[in-house]
Every structure is written in structure tokens, then in C-alpha cells.
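>>> Just the structure for this:
(chains A and B)
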Amino acid sequence: MALLEIRNLRGGIKDQDIINGIDLTVERGEVHAIMGPNGSGKSTLGKILAGHEEYEETGGTVRFQNKDLFELTPEERANEGMFLAFQYPVEIPGVSNAYFLRAAMNERLKYRSEPEISAGAFRRLLDKKMKQVDMDPELARRPVNEDFSGGEKKRNEIFHMAVLEPTLSILDETDSGLDIDAMRIVAHGINQQRTAENAMIVITHYQRLLDYVVPDYVHVMYQGRIVKSGRKELAFELEEKGYEWIREEVEAAG
Amino acid sequence: MEAIETLAQQEYKEGWVTDIEMETAPPGLNEDIIRFISAKKKEPEFLLEWRLKAYRHWLTMKEPNWQYMAYPPVDYQDIVYYAAPKNTPQYNSLDEVDPELLATYDKLGIPLEEQKVLAGVAVDAVFDSVSVHTTFKDKLAELGIIFCSFSEAAQEHPDLVEKYLGTVVPYRDNYFATMNSAVFSDGSFCYIPPGVRCPMELSTYFRINTAGTGQFERTLIIADEGSYVSYLEGCTAPMRDENQLHAAVVELVALKDAQIKYSTVQNWYPGDEEGKGGVYNFVTKRGACKGENSKISWTQVETGSAITWKYPSVILQGDHSIGEFYSVALTRNKQVADTGTKMIHVGKNSRSTVVSKGISAGNGQNVYRGRIQVLKKADGARNYTQCDSMLIGDRCGAHTFPYIDVGNNSASVEHEASTARISEDQLFYCKTRGISTEDAISMIINGFCKEVFQELPMEFAVEAKKLLGISLEGSVG
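Residues are numbered from 1 along each chain as shown, chains lettered A, B, ... in the order given. Okay, the predicted model is just below:
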């Protein structure tokens, strides 16, 4: 059984479908990149999978770890092992990053009927993960994302992912707004998390992140559908020819 | 164990509670009632005179009406001004108590024996804090600290009571304080001698007899030169009370180099969803930094009562004295909280800090009302005020009335205010990390109140956090 199986998924905001029938199968150990021009429905896919209230599925099925995804609340999806790295991470004033992560970690353990993590063990885990993703320890003490720079916020998302060790991570434009140095650090952090047991869906507009986080598959979205899938070489082709090429192909076929 | 049991029974036998249990005055307020109260308490003459002066003045006063709330008129002749504390249990076992109330106690982590006391169930065996109480009392006595009920102080230490009573809140102060001065039932008295640092948090909790002093409480705390005391009032568990009107007075006196830290958690019965049956809490709390380098700090967490109306204030008389006010007020359903502070700068280089956090949910209304007054001679006085409101839902309200009155050009007064909502994005973010909506709200609210909670003594802070979470359950979504 695949980790994630999306069959003919449709959905969007209110009465307007943005996703118009997507099929995608993700196995453990795989990294799938989803590319596409602005407005093609990439981020909407991430939000529907994570369970954002304003978005609604109107058709199709999604099975995650062999469970009906839409039967699960957003927090249950998270505790089952799904993770969404936000394009625009949210600030939570007065709540320290470390405290927030420990609360999240304990929710997860409780969901799995395991005992809570001790303060000492959690401290050691944080130290280890901070090193892994090259995170300034100061940022763990500060309130979640408050007064973080754009780059720090993105790095914090990867830090959250490293601590929570999800089985499926959806990274929504994690590279946007980053300069090349920051992107390298973020990419390094992502690569540190790749194992044979977990999988990632990397949503990105540009090919450049994929130079560092090399995907197993690349899918191109256009008008709410996956119109082209291939291996990592597809990303280079897109970079070279631009999205105009996809548009022409789709229109010629249609 | 046996020894403790005997001790506990002794305490009970000799306590003043049993002594006065039999008697209750008829309803109504007049000079005879006041004489009756004073006689019952075996008060010294000066105290009776003081009560009578207050009463006569009260007759000339009008009930105020400037506050941001409306409440049905109170019939002051229908109130019983002297009643024996109710130590007769209403229930025989916890099975008879409202299960919802018990669920709240469990969530707050209150031990079973204490639950019984709070809910009014007969307590059979030894109540832990009795032994704690005795040990503490011995230790305090060694240091010369006086900590007892107000009635006891009036008898045992009349000189101290006479010297300080009414020096911060005079009997003419305001309608409710004046009424309190005439009929106050009981309360706490505390005196810390010069140079003594009180080694523990003094809490009404350790004074077993406090139960039932309720309605018109009077507290007087004096920190003599160079002393320090931290005082805790209240309890996080919801307290039911049959008295609808509460008009307490708290006076704090800090002499040269002395410090008083006063922390309150107020969780009186707020009434049902319509606010029916809830307590009206009209309190006058004021401290005087009489000596130079003295400091008074108020920290309050207000979650209960149908109406809360209080402005813990500091008169900064001494040069270089410091006044602080940290407040969290939460209102939901139809609760109203009109609260804030007054900082009156008299001394040179006096400083004050005000941090107020108002949280409104449901139809709750939260008012911050504050006055910063800098008198002519207060050279170099400084104030910083921060006033933040958080709204949950779209039927509640937050209102701010800051009054600033500066009479000295060298003073610096800063006021910052903000209003926020819990955003859907914040909630979604927490959910994608596995945190449920209710836990997320409680976390966000606690983050919002952090600056206040960190002023509370550790254990109180933990309870206060839980309390806010419980109070907000079901408020969102």
C-alpha cells in the first residue's frame, strides 16, 4: 500500500473548484516535486491535504497510510504523520518555539498512546535537531516566528519538520523569498530528513531548489491538473523552456 | 498522624467559628446593627467609632453610575450584615455536588479533600493544610510577623490597627469603600517588622477561618522599613457564594525600602450563560508607598464574577518609589470587567508600570480604565502603560479609558495599546502541528498573557494558565 494515494481529487474554495481531478501516488522513500505556473493549484493541493477549513474537497478520494484522509481532522492528520511547511509561517506571540514543539510532540505521543517526553529528553532532541538543520539555538527560545526574518521563518519550518519526524512532508514554496545562501541551508536541512521510511511533496515555482533537493519525480500542474510527469530531468526542461511550453502543449492537446 | 488529628480538633474547638455560629443579625443597615457587629467582635472603642463615622457619611453618598455596566438596583436594607460563617456542610458527599463543578476541579488538579471544602461537603478526616498552617504560624511568629484575621488583630494589636486603618483608603473614599468601613465582616491582617523578609508566600489559604468572611472583607497589610512580603489572595477553583454583592477593601502600606507583592486570582461564580446569579465584585484596593525606595506590585487574574469593578492603585509618596500593576481580565458569556489602576506620582523619580491584558469572548465586555497622575513636585516621574485586548468571536467588546494627568514637565508617560484576534491562520498552523483548536487557543491566550503570568508566584501561574484554558472551553468554533 502506498503512503499516499490521491484518486481523481477535486476541490477548492467555496463553490469554485481549483483542483480539477488529480491522481498521484507517493511511496515511502520518494520525493515528488510539484511545479507549475502561479495559480495552477499547487498550494491549494497542499491546503486540501492538510485540511485547511476554507478549502473543501468536492470529489475523489485520498488515502493516507491506508486511512481515508477526509475522515481525519487536521490535527489527526498531523498526528498520523502528515506535515505542512507553510509558505507564510504564522507568528504566535509569547509562545516559545521550544514550548510549542514540545506541546506538538506530546499531542503526537498521546495520539499514539505513548508516554509524554521528559523535559530532559526533549531538550536533547532539540539540540540534536538544531544542529542537523543548522538552526540558531536562540530561535528555539524565542516566540514562534515572532520577529523572525523571512529566511528564519522558513528555516523554522524545516526545524519543526525535523523535530516532529513526519512520514509525509508537504513543503509549500519553502524556497520562495530566500537568497541562495539561505536556500542552501534550507535544502541541506530538508535532505537531512530524507529516509527510506518517509516521503516528501515539494511544491515549488522554480527549478533552483531542485538542484539541491533532488526529486525522484517531477509533476507539472496546470489549471488544477497534473499535465505532465517525469523524472528530475523534467525540471531542467521546464527551466529551459518555461511554463509557456506546457501551456502550448495542453492547448494543442485540448 | 494521631497527633495531627488531635491538634486539628483542638483548633476547631477553640476557633472563633464555633463561638459565633449561633447568631445572625436581622437584615438591614442601621447604627444598631453596626454596634451589634462591633460588640460581637469585641472590638475596641475606636473601631466602633470609626465604623459609625463611616456609616453616617455613607448616608450622605450616592451610588456611582459612571461605570461601563448596568446592574439591577441593590436593596441595601435587604442584606444581612452579620451572619455566622457557614461551616455547616450543604452536602454529605461529593456524589451530591454538581458534576460539572467537580470536572472543573479535576482539570485544575485540586486534591479531593480540598474539593470537598470548596464544594461545601463535610470533611471527615484531617485536612492537610491544618498541619501546614500550624507549622507556618510558628515560623512566622519567630520572625515577629503578625498574620491573622482582622478581628483577631483588632483585639490583639489595636495600636497597629488604629495607626494604619483608613490611612490609604479613608472611610470617606467611595460609596462601596465607605459601606465596607461601616460593616466589614472580617479579612486578613498582616504586619512585617523592620528588616524582615517574609520567608513564604502568605496566603489566605493557610488561614482556615477565612471561609465565610466573604461579603465585606477588609484586609490591611503593613510592611515596615526594609521588609518584604508576598501575599496571595483567592483561589483558582470556582467559588460559589450566595452573597451577590461583594464590596471588599484592601489597604497596603509600604514604609521606607519595603516591598509588597500582592497577587490575586478571582474566580467567583460568574452566573449562568445569561449572567443570572453571578457575583457583583466591587472592590477598593489601594497601596501607599509611604517611604522612599518602597515598592508595591499588584498582579491580578480576574476570570470570575458577573461584574468586576476594581482598580488596584498605588500612591507613590516616597521618592524613588515603584508601583506596578499586572492584570489579566477574562470575560465571557455576559460578564463585564471594568478594571484598571491608578498610579499617583507624588515622590521624585517615582516609577510605575502598568500591563493590562483583557480577553473577551462570547458577549463579554472588558474595560480598561486607568489614571496616571503626576503631581507638581514629582520631578523625574516615569510611567509606562501597556494595554492589550484580545477578542474572541464578534459579539464581545474591549474598551479603553486611559486618563493621563501630568503636572510636572520632567515627567515621562508612555501609553501603548493594541487589539488582536486569534486568527484562523494561527489555529490552522497549530492544527498542522497536531495541536487541537482548544489547546491552540489556550496556548495563544497564555502567550498573550505571558508578561502578567511571569509576575505570579510559580504555582499560582501554573494554575492560572489552566484556569484560562478551562474558562475558554467551548468559546470558539
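
>>> What score does residue A:168 have for pLDDT?
Here the pLDDT value assigned to residue A:168 is 97.

>>> wouldn't it be in contact with residue A:201 here?
Yes: with contact defined as C-beta atoms under 8 Å, residue A:168 reaches residue A:201; the gap is 7.2 Å. For the C-beta atoms, the positions are set from N, CA and C on the backbone; glycine is no exception.

>>> Confirm that residue A:95 sits in a strand.
Yes: checked against DSSP: H, G, I helix; E, B strand; the rest coil, residue A:95 lies within a strand.

>>> Not counting its neighbours along the chain, what's nearest it?
In space, and not counting its chain neighbours, residue A:95 is closest to residue B:447: 3.8 Å by C-beta to C-beta, 6 or more residues apart in numbering or on different chains.

>>> Give me the secondary structure label for that neighbour.
Classified using three-state DSSP, residue B:447 is helix.

>>> Now the common contact residues for residue A:168 and residue A:201.
Residues touching both residue A:168 and residue A:201 by C-beta atoms under 8 Å, 6 or more residues apart in numbering or on different chains: residue A:26.

>>> So which of those two has more stuff around it?
Neighbour count, other C-beta atoms under 10 Å in any protein chain shown: between residue A:168 and residue A:201, residue A:201 has more, with 25 against 21.

>>> which residues does that one bridge with?
residue A:32, residue A:170 (DSSP bridges).

>>> The closest residue to chain A within the stretch 201-350 of chain B: what's it in contact with?
Using C-beta to the nearest C-beta, residue B:328 is the residue of the stretch 201-350 of chain B that sits closest to chain A, at 12.1 Å. Under the criterion of C-beta under 8 Å, 6+ apart, the neighbours of residue B:328 are B:300-302, B:357-359, B:449, B:452-453, B:464, B:468.

>>> got TSV for these, with secondary structure and neighbour count too?
What follows is the contacts of residue B:328, written out as TSV (DSSP: H, G, I helix; E, B strand; the rest coil; neighbours: other C-beta atoms under 10 Å in any protein chain shown):
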residue	secondary structure	neighbour count
B:300	strand	27
B:301	strand	29
B:302	strand	24
B:357	strand	25
B:358	strand	30
B:359	strand	29
B:449	coil	26
B:452	helix	22
B:453	helix	22
B:464	helix	23
B:468	helix	22
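
>>> check these against chain A, which are close?
residue B:449 (C-beta under 8 Å from any C-beta of the partner chain).

>>> Tell me the one of the contacts of residue B:328 nearest chain A?
residue B:449 (7.5 Å).

>>> per-residue confidence at that closest one?
We have a pLDDT of 89 for residue B:449.

>>> what's the answer for residue A:215, then?
95.

>>> before we move on, back to that, next, count neighbours for the residue nearest to residue A:95.
For residue B:447, the count of nearby residues is 20 (other C-beta under 10 Å).

>>> Test my guess that it contacts residue A:92.
Yes: assessed by C-beta under 8 Å, residue B:447 is found in contact with residue A:92 at 5.9 Å.

>>> anything in contact with each of the two?
Common neighbours of residue B:447 and residue A:92 (criterion: C-beta under 8 Å, 6+ apart): residue A:143.

>>> Residue numbers of the stretch 51-200 of chain A in contact with chain B?
A:51-54, A:73-75, A:78-79, A:82-84, A:86, A:89-95, A:100-101, A:103-104, A:107-108, A:111, A:143, A:160, A:164.

>>> Could you tell me which of those count as buried?
With neighbours counted using 16 or more other C-beta atoms under 10 Å in any protein chain shown, those contain these buried positions: A:51-52, A:74-75, A:78-79, A:82-84, A:86, A:89-95, A:100-101, A:103-104, A:107-108, A:143, A:160, A:164.

>>> from those, which ones fall inside helices?
Mapping those onto helices (DSSP state H) picks out A:74-75, A:78-79, A:100-101, A:103-104, A:107-108, A:160, A:164.

>>> Show me which of the residues you listed is closest to residue B:139.
Nearest to residue B:139 among those: residue A:103, at 38.6 Å, using C-beta to C-beta.

>>> Quick one: residues contacting the residue nearest to that closest one when sequence neighbours are not counted.
Of all residues beyond its chain neighbours, the one nearest residue A:103 is residue B:435 (5.9 Å), with distances taken as C-beta to C-beta, 6+ apart. Residue B:435 makes contact with A:75, A:103-104, A:107, B:443, according to C-beta under 8 Å, 6+ apart.

>>> try residue A:19
By C-beta under 8 Å, 6+ apart, residue A:19 lies in contact with A:9-12, A:41, A:44-45, A:48, A:224.

>>> try it again with 6 Å
Contacts for residue A:19 (C-beta atoms under 6 Å, 6 or more residues apart in numbering or on different chains) come out as A:9-11, A:41, A:44-45, A:224.

>>> Mark which of the residues you listed are part of helices, please.
Using DSSP H, the members of those that fall in helices are A:44-45.

>>> By neighbours, which of the contacts of residue A:19 wins?
residue A:45 (27 neighbours).

>>> The closest residue in space to it that isn't next to it in sequence and chain B, how far apart?
Using C-beta to C-beta, 6+ apart and skipping residues adjacent in sequence, the residue nearest residue A:45 is residue A:19, 6.0 Å away. Relative to chain B, residue A:19 is positioned 18 Å away (C-beta to the nearest C-beta, to the nearest Å).

>>> Please measure how far the first residue of stretch B:385-404 sits from its last one.
This stretch, stretch B:385-404, spans 11 Å end to end (C-alpha to C-alpha, to the nearest Å).

>>> in it, what's buried?
By neighbour count, and taking 16+ other C-beta under 10 Å as the criterion, the buried residues in stretch B:385-404 are B:385-393, B:396-398, B:400, B:402.

>>> how about the residues you listed in JSON lines, adding distance to chain A, pLDDT and secondary structure?
Below are the buried residues of stretch B:385-404 laid out as JSON lines (distance: C-beta to the nearest C-beta, whole Å; pLDDT from 0 to 100; DSSP: H, G, I helix; E, B strand; the rest coil):
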{"residue": "B:385", "distance to chain A": "19", "pLDDT": "94", "secondary structure": "strand"}
{"residue": "B:386", "distance to chain A": "13", "pLDDT": "93", "secondary structure": "strand"}
{"residue": "B:387", "distance to chain A": "15", "pLDDT": "92", "secondary structure": "strand"}
{"residue": "B:388", "distance to chain A": "10", "pLDDT": "91", "secondary structure": "strand"}
{"residue": "B:389", "distance to chain A": "14", "pLDDT": "91", "secondary structure": "strand"}
{"residue": "B:390", "distance to chain A": "10", "pLDDT": "89", "secondary structure": "strand"}
{"residue": "B:391", "distance to chain A": "15", "pLDDT": "88", "secondary structure": "strand"}
{"residue": "B:392", "distance to chain A": "15", "pLDDT": "84", "secondary structure": "strand"}
{"residue": "B:393", "distance to chain A": "16", "pLDDT": "79", "secondary structure": "coil"}
{"residue": "B:396", "distance to chain A": "20", "pLDDT": "85", "secondary structure": "coil"}
{"residue": "B:397", "distance to chain A": "22", "pLDDT": "86", "secondary structure": "strand"}
{"residue": "B:398", "distance to chain A": "17", "pLDDT": "87", "secondary structure": "strand"}
{"residue": "B:400", "distance to chain A": "19", "pLDDT": "88", "secondary structure": "strand"}
{"residue": "B:402", "distance to chain A": "22", "pLDDT": "90", "secondary structure": "strand"}
